[in-house]
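J.: sequence unknown, structure follows:
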């Protein structure tokens, strides 16, 4: 299995530095959550970790090898990415969308596992009943789950998920993070961008809290999601409860 490492990664967009000197390592078997306010640089950092965006400075390495040295097909066999938009331009059937996750393994011995990988992915994301539906006809939550199924079918050593719970109901939010947890337990390196701090606290091995493009804190959830630090970074009064060693972040709301 492969790990992923960022060394001094900085990214500029429109002349503005949105990720600034990030050092980060995610070994095989770990689930890392990237959290932070809107505009903190979480999704942009993920594009650098995936190889989709070249840093202005610094480097990203997969299993000790510079990500820029991978060709497109080799990269697709090493890491899979779930983006925020889940866009599919044509009215493909759900089964066809999930099958796309196996395309990097065409003309390799890995293609022998296509059917099993697709079946497992459909079952894990609870979309087996949608296989004949058109992707363009699905609800936002259904599209999100089908897109995750495509990523799971790809069966890569590194899995990068950008806000995978954004369109999901409570049950499926928990399901997605449980799947991410299982992937890490199976030896994969998993990075997930989340807005829900309590979900991050419940499932992540470590949390990287970003603020204005920099990592403000990095460590175990109970170390990072403290009442003082969350309140300072988010500008919001919160209460943090710890249950079974895991933090639960609750905004304090004024009573009428």
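T.: Structure's in. What do you need? Because the structure is a prediction, the values reported are computed rather than measured.

J.: Pass me the low-pLDDT residue ranges in the stretch 51-200 of the chain, would you?
T.: Scanning the stretch 51-200 of the chain for pLDDT under 70 picks out 86-87, 89.

J.: ranges for the strands of it?
T.: All strands of the stretch 51-200 of the chain, identified by DSSP state E, counting those that start in this stretch, fall at 57-62, 65-66, 79-82, 158-162, 189-193.

J.: Neighbouring strands - and their directions - for the shortest one?
T.: According to DSSP bridges, the neighbouring strands of strand 65-66, each with its direction, are strand 57-62 (antiparallel).

J.: Identify the residues contacting the strand it pairs with?
T.: 2-10, 21-22, 48-49, 51, 66-68, 70, 78-79, 158 (CB atoms under 8 Å, 6 or more residues apart in numbering). Yep, even glycine has a C-beta here, placed from its N, CA and C like the rest.

J.: Which of those fall in helices?
T.: Judged by DSSP state H, these include 48, 49, 78 as members of helices.

J.: quick one: which of these has the most company?
T.: Taking other CB atoms under 10 Å as the neighbour criterion, residue 49 ranks highest of the ones in helices among the contacts of strand 57-62 with 27 neighbours.

J.: quick one: that one from residue 114, how far?
T.: 27 Å (CB to CB, to the nearest Å).

J.: re the thing from before, out of the strands of the stretch 51-200 of the chain, deepest packed?
T.: Mean neighbours per residue, mean count of other CB atoms under 10 Å, is largest over the strands of the stretch 51-200 of the chain for strand 189-193, with a mean of 27.

J.: Now do that strand: which elements does it pack against?
T.: strand 16-26, strand 31-35, helix 42-50, strand 158-162, helix 170-185 (3 or more CB pairs under 8 Å, 6 or more residues apart in numbering; DSSP states H and E).
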